[in-house]
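Trainee: using only what follows, build the 3D model:
(3 chains)
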Amino acid sequence: MAKARKIAEIAKKTSSFCPGCGHGVVIRLVTECLEELGQENNVIFGIGVGCSSLLGGVLETDRLHCLHGRAGAVCTSMKRVNPDNIVVSYQGDGDAYSIGIGESTSAAYRNENFTAILVNNTNYGMTGGQMSNTTMPGQKTTTSPKGRDCSTTGNPIKFPEFVASQFDIAYAARGAVNTPANVNKLKGYIKNALEAQINGEGYSVVEVLSGCPTNWGMSPLKAMDRIEKELIPYYPLGEFKTREVK
Amino acid sequence: MKVKVDAIRCKQCELCAANCPKKAIAFSEEINEFGYQTVVVDHEKCIGCGICYTMCPDGVYEILG
Amino acid sequence: MGDMIKGNEAIAEAAIRAGARLYAGYPITPSTEIMEYISARMPEVGGTFVQAESEIAGINMVVGGAACGVRSFTASSGPGMSLKQEGITQLYDEELAAVLINVVRYGNGIGTLYSAQCDYLRETRGGGNGDYRIMVLCPESIQEAVDLTVLSFDLAEKYRMPVMLMTEGALGQMMEPCDLPEFKEVKRQPWGFDGKYSYKKVGIFDRDSMKEAVLLNEKHNTIKATEQRWEDGNVEDAEYVFVSFGLPGRSTKGAVEQLRAQGHKVGFIRPITAWPFPENAFEKVNPNVKGFITVEANATGQMVDDVALTVKKMKSSAPVYCLPYVYGVPAMKAIQADFAKIAAGEIKEVY
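Mentor: Below is the predicted model:
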């Protein structure tokens, strides 16, 4: 007998994400976890600018559309003044790792007790597919038309590893949405992150490798393939900081 | 019936069909008002494993317990 | 009268007593003492203090606190205030209440450490993108700064918009005796997030900009009609009326007193709100006034524009002069000497 599964009430509105975009799966997992933890009516989202912005039209919870890159700072203060609420920042790789790298890093540095869900699709999606800090070497984007030259633009950033190794944080992981097994593992990471927050353990971050069929110029199925063959070898899945057993 | 399908939510990304272990998901010829072919589940073949629900970004599926 | 206290510390203590329970900011001279004072004081009253990693992070932390309905504020100066403009326009857009303390310092770019009034035009026009205004309050003394700090929080919540206390470096740094206000009850605003989606904020995709434009203009018109504040003296029979705010306003009042004693028919208007500009103050002015003279601590003359607009609105043809002292606080002697030049026709009007 299969387990009954239904999308969460707080995220049941239809979305305007592109067909095959990973955001839909991520938000489903986050809201499922909130329901399972009994926190669906006790949550505030700090939404980034970019494709993440579309979440604002879906979520039926307290949510603020944060200025581009600044969700790390907004969620810092929201959690400080409302410590009993679950506070989640929900951003893309552009919002969190380029313009927002200062705020994202500083929140981890201070071990702020909120959860950052960061969706990495290796480009700036909403604005039409420009290069981001997670664009792969040689990847063609609208601002790297000949393919990304890492000798002048830097190498793709690995944020969860960076904050896990440099700062005292509660939990850091990376998951992906390209296969059923990975989606199920990702749910586990998200649940861990939220539990870390509920227990007051500190900063938690889960990065998610997502497809971007529109700007990668491929079908959703091929995008899942790209995640498997090109992204996961560079961006390993797993937990980089596990929760301390108390 | 082991799964409920809210077909109008579907954007034809086809991740469900590609991952369904029983190949129970297909897309009809007719195009809906959003320009997508309608997703159709063969309930005879469906075993209610929930993989379609897992992969779907748009909340098309509900797995009945 | 109370004890001697430094301006910045008085402003900080006034905010605490007004019920402010979140401060996030970054050090910048000459505002830093506000943050330093708050770093010790805020924990004493159970509030939240964060030394933000940047000015931008600071204003965004204020946004977060304000979004949760907590009385929130920050203090800055010069280029730091410039960095905060996006956050300020967002506070306005989301109809959040917050208080900004600008301890103005002179100059462009990194600027200088001199006391000044060179941010007037930006603050009164809304320095971020879009069309919005913030209320701007300008004290002439530490006592007034304290009183206006408390008022700022009330006005911010009454109109659900950011309010700025625009003071000057010299006031932040000097000491004067002052009575501190009573402690107010600390309250959360009803529109604040509580995790339960009780008050449904409109997200970016639920906009109706045409409708919002009507409401925005209505809000501004209400504020202009009811919240003008100023001090005036001797305007009914004045041949020349000085217009000046803050510490230069104080000097100007002194100069007016001395000029009157010498037989000159002069008066003054001292705006306490720079936005809304106290247009109503000009109604009492002698219809045969020969000219208006602004006394400002900036290089190009900024408030002179608002005086000229007001004079035009009154359908007066009186000329408008400007005495821009660049930075610092002009001495009464200097103002009197320059007045003589204006009266003698040696300084041309600006409008």
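Trainee: might you enumerate the residues of chain B proximal to chain C?
Mentor: Listed as neighbours of chain C in chain B under the rule C-beta under 8 Å from any C-beta of the partner chain: no residues. In this view, the C-beta of every residue, glycine as well, is placed from N, C-alpha and C.
Trainee: report the buried residues of the longest strand seen in chain B.
Mentor: As assigned by DSSP state E, the longest strand anywhere in chain B is strand B:25-31. Residues B:25, B:27 are the ones in strand B:25-31 that count as buried (16 or more other C-beta atoms under 10 Å in any protein chain shown).
Trainee: close to chain A, is that strand?
Mentor: No - taking C-beta under 8 Å from any C-beta as the criterion, strand B:25-31 and chain A are apart, separated by no less than 12.1 Å.
Trainee: who's in contact with A:P156?
Mentor: A:122, A:133-137, A:150, A:234-235 (C-beta atoms under 8 Å, 6 or more residues apart in numbering or on different chains).
Trainee: out of the residues you listed, which is nearest to C:D3?
Mentor: Using C-beta to C-beta, A:N133 is the member of the contacts of A:P156 that lies nearest C:D3, at 53.5 Å.
Trainee: in a helix, that's where that closest one is, yeah?
Mentor: No - per DSSP: H, G, I helix; E, B strand; the rest coil, A:N133 lies outside any helix segment and is coil.
Trainee: could you report the neighbour count for it?
Mentor: By other C-beta atoms under 10 Å in any protein chain shown, 20 other residues sit near A:N133.
Trainee: wait, isn't it in contact with A:G154?
Mentor: Yes - the criterion here is C-beta atoms under 8 Å, and A:N133 meets it with A:G154 at 7.0 Å.
Trainee: torsion angles phi and psi at the closest residue to A:L55 other than its chain neighbours?
Mentor: Excluding its sequence neighbours, the residue lying closest to A:L55 (C-beta to C-beta, 6 or more residues apart in numbering or on different chains) is A:I47, at 5.2 Å. Per-residue torsions, A:I47: phi -100, psi 140 (degrees, to the nearest 10).
Trainee: what about A:I47, distance to chain B?
Mentor: In this view, A:I47 and chain B are 17 Å apart by C-beta to the nearest C-beta, to the nearest Å.
Trainee: kindly state the beta-bridge partners for that residue.
Mentor: Beta bridges link A:I47 to A:H65, A:Y90 when assigned by DSSP bridges.
Trainee: which residues touch it?
Mentor: Applying C-beta under 8 Å, 6+ apart, one finds that A:I47 lies in contact with A:53, A:55-56, A:63-66, A:71, A:90-91.
Trainee: closest to chain C out of those?
Mentor: A:G56 (3.6 Å; C-beta to the nearest C-beta).
Trainee: before we move on, the earlier item: what sits in contact with each of A:N133 and A:G154?
Mentor: Between them, A:N133 and A:G154 share no contacting residue, judged by C-beta under 8 Å, 6+ apart.
Trainee: coming back round to it: write the ChimeraX selection for whichever of the contacts of A:P156 are buried.
Mentor: Of these, the buried ones can be selected in ChimeraX as follows, counting by 16+ other C-beta under 10 Å:
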select /A:122,133,134,135,136,235
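Trainee: save the contacts of A:P156 as JSON lines, and put in pLDDT and distance to C:E36 too.
Mentor: What follows is the contacts of A:P156, written out as JSON lines (pLDDT from 0 to 100; distance: C-beta to C-beta, whole Å):
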{"residue": "A:T122", "pLDDT": "98", "distance to C:E36": "44"}
{"residue": "A:N133", "pLDDT": "97", "distance to C:E36": "35"}
{"residue": "A:T134", "pLDDT": "98", "distance to C:E36": "39"}
{"residue": "A:T135", "pLDDT": "98", "distance to C:E36": "43"}
{"residue": "A:M136", "pLDDT": "98", "distance to C:E36": "46"}
{"residue": "A:P137", "pLDDT": "98", "distance to C:E36": "47"}
{"residue": "A:C150", "pLDDT": "97", "distance to C:E36": "43"}
{"residue": "A:Y234", "pLDDT": "98", "distance to C:E36": "45"}
{"residue": "A:Y235", "pLDDT": "98", "distance to C:E36": "43"}
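Trainee: mind listing what the longest strand of chain B pairs with, with the direction of each?
Mentor: Using DSSP bridges, the strands paired with strand B:25-31 are strand B:37-41 (antiparallel).
Trainee: which pLDDT value goes with the residue nearest to A:L55?
Mentor: For A:I47, the model assigns a pLDDT of 97.
Trainee: so the nearest residue to C:K253 once chain neighbours are set aside: helix, strand or coil?
Mentor: For C:K253, ignoring the flanking residues on the chain, the nearest one in space by C-beta to C-beta, 6+ apart is C:F268 at 5.7 Å. Three-state assignment for C:F268 (three-state DSSP): strand.
Trainee: pretty sure C:F268 contacts C:F245?
Mentor: No - in this structure, C:F268 is not within contact of C:F245 by C-beta under 8 Å, at 10.5 Å.
Trainee: look up how far chain A lies from C:I293.
Mentor: For C:I293 relative to chain A (C-beta to the nearest C-beta), the value is 41 Å.
Trainee: please settle this for me: is that residue part of a strand?
Mentor: Yes - counting by three-state DSSP, C:I293 is part of a strand.
Trainee: beta partners of it?
Mentor: Going by DSSP bridges, C:I293 forms beta bridges with C:F242, C:Y321.
Trainee: so what's it scoring on pLDDT?
Mentor: Per-residue pLDDT puts C:I293 at 98.
Trainee: correct me, but it touches C:A318?
Mentor: No - the criterion here is C-beta under 8 Å, and C:I293 misses it with C:A318 at 10.5 Å.
Trainee: neighbour-wise, which of these two wins?
Mentor: A count of neighbours by other C-beta under 10 Å puts C:I293 above the other of C:I293 and C:A318, at 27 against 22.
Trainee: what residues are up against that one?
Mentor: Contacts of C:I293 (C-beta under 8 Å, 6+ apart): C:240-243, C:320-323, C:339, C:342.
Trainee: okay, now the unreliable bits of the stretch 201-350 of chain C?
Mentor: C:202-205 (pLDDT under 70).
Trainee: mind listing what the residue nearest to C:V45 when sequence neighbours are not counted touches?
Mentor: Once flanking residues are discounted, C:V45 sits nearest to C:I16: 5.9 Å by C-beta to C-beta, 6+ apart. Shown here is C:I16, whose contacts under the criterion C-beta under 8 Å, 6+ apart are C:38, C:41-42, C:45, C:47.
Trainee: pLDDT score for C:I16?
Mentor: For C:I16, the model assigns a pLDDT of 98.
Trainee: name the element it belongs to?
Mentor: helix C:7-17 (DSSP states H and E).
Trainee: any idea which residue sits dead centre in chain A?
Mentor: A:L118 (1.9 Å; C-alpha atoms, centre = their mean).
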